[in-house]
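[1] The amino acid sequence is not available; the structure is as follows:
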């Protein structure tokens, strides 16, 4: 059985709750006056993906014959299941001793929701590929004015953050805090691949946890002798784990508001993107997972800082330290910046990579420990495409699913970096989002369930206006030089001016 994930005091996968949130999202963002529009398609796609994600995650570890957690859904899944009788059981015995009848490993609801999630994700990837051909971007306001959106954003953010503190942090986040404290103390943390919480976290998560631990050490008062130091340390670790998740969500929300106000020229668009991010069921279900939120936060601010290649390189380097697939975005961004910008971008990226490798060195006792953490934190198992054991949690074939999706991903990456195309922000945003969507479709485990990796970027694609004038600094400098060239006076113009003076 799976443990129910609570959104405050409500089961995040409750069908009534999912329907209620979906109706609220449609009431605010669905354009009823223009039914056949790209905006409505995007809203429906991300809503269907979010609902499919919640259902898939809820029923992942539920046994096939279980009627929990929703009896009506279980009865619906058992409609086509034949009733077993003593005669039928006797007839079902294999005549050959070598033949073995395998029981289904997954619940039917989980199987169909996984297939739906994969199908909707493929549709999203196709939509992002053709985004640069959508030259008309009419401004479509929301069904709620800016005052109403602002009012709704405040309780939505408050409830989401309160749900973080009302739920125990996951083991992966607690492991991040322990590795962060070990980084400050420069000691090794023993890891075990058998337990999920003992796996070493990503280097960027460890670096952020070390920063939070240092802040707690500086701000905490002197420990009294009559207090239990171990209990206080445990409380501090839990508070740091919860606070890191809240800070990560806050960074995402502030990034969306900043991009809407600065690049889109509308504060209402920034608030609308933040509101949709807070209302979607996928955010509420994985609200406690730092590893799901932090990559999207780094990529969001990398888009916000696209005019500064050095800053964008630092942020993309941090994203690569949390999400291995972000490394594949480096060629795309380097081509976007051109020769001079790519040099500053690559230098800052290499500087961040050196810092992250240093974090692993400081928390490793010897060379074997360092190499083991390198392999486990960057998840090199993504290249084990022919290993069927890596897809034990996926009800779809490893061979006929991950290999084609991986091939499609590398074809997309090659086409987006080699083929000539306009270098502007709208193409960079759509291509980066498409690559992240395609990458998480051939991830070793839980294919298609890492929606928060690309959710902030896709929200920017949904609400963006025309951004073809937002070009890299190198092209902007060239255009400004060509415009400001002095106009030399010709003899004809001199004669005309002399006649006017007469």
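    Received, thanks. These numbers come from a predicted model, not from an experiment. Numbers count the residues shown, from 1 in each chain.
[2] okay, CA-based contacts and neighbour counts for the rest of this
    Fine.
[3] which parts of stretch 23-43 are buried?
    By 16 or more other Cα atoms under 10 Å, the buried positions in stretch 23-43 come out as 25-26, 28-31, 39-43.
[4] Give me the mean pLDDT for that stretch.
    If you average the pLDDT over stretch 23-43, you get 90.
[5] give me the number of residues near residue 285?
    By other Cα atoms under 10 Å, the residues close to residue 285 number 22.
[6] if I look at it, how far off is residue 134?
    Using Cα to Cα, to the nearest Å, we find residue 285 at a distance of 32 Å from residue 134.
[7] Residue 204 now?
    From residue 204 over to residue 134 (counting by Cα to Cα), the distance is 36 Å.
[8] higher neighbour count, these two?
    Neighbour count, other Cα under 10 Å: between residue 204 and residue 134, residue 204 has more, with 27 against 9.
[9] Was I right to think that one contacts residue 322?
    Yes. The pair residue 204 / residue 322 is scored as a contact, 5.5 Å apart, by Cα atoms under 8 Å.
[10] got JSON lines for the buried residues of stretch 23-43, with distance to residue 272 too?
    Converted to JSON lines, the buried residues of stretch 23-43 look like this (distance: Cα to Cα, whole Å):
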{"residue": "25", "distance to residue 272": "11"}
{"residue": "26", "distance to residue 272": "13"}
{"residue": "28", "distance to residue 272": "9"}
{"residue": "29", "distance to residue 272": "8"}
{"residue": "30", "distance to residue 272": "12"}
{"residue": "31", "distance to residue 272": "14"}
{"residue": "39", "distance to residue 272": "13"}
{"residue": "40", "distance to residue 272": "14"}
{"residue": "41", "distance to residue 272": "17"}
{"residue": "42", "distance to residue 272": "14"}
{"residue": "43", "distance to residue 272": "12"}
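[11] From those residues, which land in helices?
    Assigned to helices by DSSP state H, the following of the buried residues of stretch 23-43 qualify: 25-26, 28-29, 39-43.
[12] ok, so of the buried residues of stretch 23-43, who is nearest residue 166?
    Among these, residue 25 lies closest to residue 166 (Cα to Cα), at 24.5 Å.
[13] Nearest to residue 443 among the buried residues of stretch 23-43?
    residue 42 (23.5 Å).
[14] Check the spacing between the closest one and residue 302 real quick.
    Using Cα to Cα, residue 42 is found at 23 Å from residue 302.
[15] what's the answer for residue 35, then?
    Residue 35 is 33 Å from residue 302, where distance means Cα to Cα.
[16] With residue 17 instead?
    For residue 17, the distance to residue 302 equals 34 Å [Cα to Cα].
[17] do residue 294 as well
    Counting by Cα to Cα, the gap from residue 294 to residue 302 is 12 Å.
[18] Which one's more surrounded, those two?
    residue 294 (27 against 23).
[19] in this structure, which ranges drop under the pLDDT threshold?
    1-9, 63, 65-105, 188-199, 217-232, 365-366, 369-399, 444-446, 481-502 (pLDDT under 70).
[20] Now do the contacts for residue 177.
    206, 209-210, 213, 237, 240-241 (Cα atoms under 8 Å, 6 or more residues apart in numbering).
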